[in-house]
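Asker: Generate coordinates for the sequence data below:
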Amino acid sequence: SPIFSNFANAEAGTAIRFAARRTGRSYANAFRAHRSSAADDSTRALFAALLLAMGDSVFTTPELMTLVLGPSGEERRVALQQITRDQRQPLVVASDSSASIVGIRLVESLYAATPLEFIGQASMKRGFFAAPSAADSIPKFLSMDSLPLSVRVRAASLGHVPVPVGWQFPGGTAGVVTYIGPARQSGPFIRIDVSYSTLYARGGTRSGGFASGYTLWFVESPQGWVVFSASSWVT
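Answerer: A predicted model of the protein is given here:
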């Protein structure tokens, strides 16, 4: 909403935190109380935006779980904003068990035609996840240094052997690199980034080209791990 976009930014958050320090007043508690007593959705959205702008939370973790697994709506949208922007819970490396499950499902979606399960509005973005087309003559590389060995083994079994850990793209050559980033976790939510870089030789040790990618957020539902938020980019 326009209200949300006007306030959910670093400048607004800085101003609110400065005012809180100067006055000694807990603006977060005040905003939360006003949101709880608000009689209309616009006012609730305003105070949610203020809380997120100052890096605070609107919902508890159990509430977030209920919202992301539920139907689309304003409350779910605010929950997604909190999860993807939460400054109080920095992302940490997920456990090997969770990273293995999510990583293998992602690899199978890429190389075994086994689609991921999308919920909410994330299902609208499936078309952005396909790898860019490339001529068969261009070498293809798969890099996943930070994922568990089980994920590397599964990729290899599907005919896509990952490059050695620590591998770097040879400058001055052409190729397509698929990079699957580490599984990082904030509470019960796991984020994985995937990027595709298509590079062409430009003489000497230089390579240049273009890239695209996407970010997936997973959560464990009664049906297993599902994607509840997705975004993509291209350069």
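Asker: Now do the helices in this protein.
Answerer: 2-7, 10-23, 27-37, 41-53, 61-68, 74-85, 96-111, 149-157 (DSSP state H).
Asker: so which of those comes closest to P188?
Answerer: helix 61-68 (6.3 Å; C-beta to C-beta). Every residue, glycine included, has its C-beta placed from N, CA and C.
Asker: rewinding a little: hey, least reliable of the helices of the chain by pLDDT?
Answerer: If the helices of the chain are sorted by mean pLDDT, helix 2-7 sits at the bottom with a mean of 43.
Asker: what residues does stretch 58-66 touch?
Answerer: The contact list for stretch 58-66 (C-beta atoms under 8 Å, 6 or more residues apart in numbering) reads 32, 35, 48, 51-52, 67, 78-79, 82-83, 187-189, 219.
Asker: buried sites along it?
Answerer: For stretch 58-66, a neighbour-count test (16 or more other C-beta atoms under 10 Å) marks V58, F59, L64, M65 as buried.
Asker: G175: which of these is nearest?
Answerer: So of these, ranked by how close each gets to G175 (C-beta to C-beta), first place is L64, at 40.1 Å.
Asker: measure the closest one to G55 for me?
Answerer: To G55, L64 is 16 Å away according to C-beta to C-beta, to the nearest Å.
Asker: Make CSV out of the helices of the chain and add distance to P164.
Answerer: Output for the helices of the chain, formatted as CSV (distance: least, C-beta to C-beta, whole Å):
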stretch, distance to P164
helix 2-7, 44
helix 10-23, 40
helix 27-37, 48
helix 41-53, 41
helix 61-68, 37
helix 74-85, 32
helix 96-111, 17
helix 149-157, 10
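Asker: So Y27 is in contact with G55, correct?
Answerer: No - look at Y27 against G55 with C-beta atoms under 8 Å: they stay out of range, at 11.5 Å.
Asker: Return the list of helices and strands in contact with the longest strand anywhere in the chain.
Answerer: Criterion DSSP state E: the longest strand present in the chain is strand 207-221. Applying 3 or more C-beta pairs under 8 Å, 6 or more residues apart in numbering; DSSP states H and E, one finds that strand 207-221 makes contact with helix 96-111, strand 189-201, strand 224-234.
Asker: and A99, what does it touch?
Answerer: V93, L147, P148, V151, P182, A183, I190.
Asker: you'd agree S195 is up against Y179?
Answerer: Yes - contact status for S195 versus Y179: in contact at 4.8 Å, counting by C-beta under 8 Å.
Asker: Find residues that contact each of the two.
Answerer: G213.
Asker: Can I get the contacts of stretch 58-66 in CSV including distance to V102?
Answerer: Formatted as CSV, the contacts of stretch 58-66 follow (distance: C-beta to C-beta, whole Å):
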residue, distance to V102
R32, 32
R35, 33
A48, 29
L51, 29
L52, 26
L67, 20
V78, 25
A79, 20
Q82, 21
I83, 16
G187, 15
P188, 12
F189, 11
V219, 10
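Asker: Would you show me how to pick out the buried ones of those residues in ChimeraX?
Answerer: Selection of the buried residues among the contacts of stretch 58-66 in ChimeraX, burial being defined by 16+ other C-beta under 10 Å:
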select :32,35,48,51,52,67,78,79,82,83,189,219
